[in-house]
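got a structure for you, letters missing:
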């Protein structure tokens, strides 16, 4: 982007919007939480889950519920998020 600015480009379409950077798509949450659990443990997973639900509301709960077996720690025979 710096090079574009130096060359006087006023419009640049690059796909680095807020949705991509800030995880604005609901479908990103299960993957983010799975990675968080793997890298930082269960406490970070549950904090992240709480934050996701607090920010995203019911649509986030629905997505997490659909992905619960692949993203929750512990006993996944029943949904972790509901």
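That came through, no problem. Just so it is clear, the structure is predicted and the values come from calculations on it, not from any experiment.

burial of residue 64, as a residue count?
Neighbour count of residue 64, defined by other C-beta atoms under 10 Å: 23. Every C-beta, even on glycine, is put in place using the N, C-alpha and C of the backbone.

pretty sure it sits against residue 51.
No. The criterion here is C-beta atoms under 8 Å, and residue 64 misses it with residue 51 at 11.8 Å.

how about the helices of the chain, start to end?
2-6, 18-22, 28-40, 42-66, 68-71 (DSSP state H).

now render the ones you listed as a markdown table, adding distance to residue 12.
Putting those into a markdown table (distance: least, C-beta to C-beta, whole Å) gives the following:
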| stretch | distance to residue 12 |
| --- | --- |
| helix 2-6 | 5 |
| helix 18-22 | 15 |
| helix 28-40 | 23 |
| helix 42-66 | 29 |
| helix 68-71 | 35 |
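
mind putting these into CSV with mean pLDDT?
As requested, the helices of the chain are exported to CSV (pLDDT from 0 to 100):
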stretch, mean pLDDT
helix 2-6, 87
helix 18-22, 60
helix 28-40, 88
helix 42-66, 87
helix 68-71, 58
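
ok, and the closest non-adjacent residue to the residue minimising distance to the centre of the chain?
Closest to where the C-alpha atoms of the chain average out (C-alpha atoms, centre = their mean) is residue 29, at 3.0 Å. Distances taken as C-beta to C-beta, 6 or more residues apart in numbering put residue 52 closest to residue 29, at 4.8 Å, once the chain neighbours are dropped.

how many neighbouring residues does that neighbour have?
23.

residue contacts, the residue nearest to the centre of the chain?
Residue 29 sits next to 23, 52, 56, 60, 63, 64 when contact means C-beta atoms under 8 Å, 6 or more residues apart in numbering.
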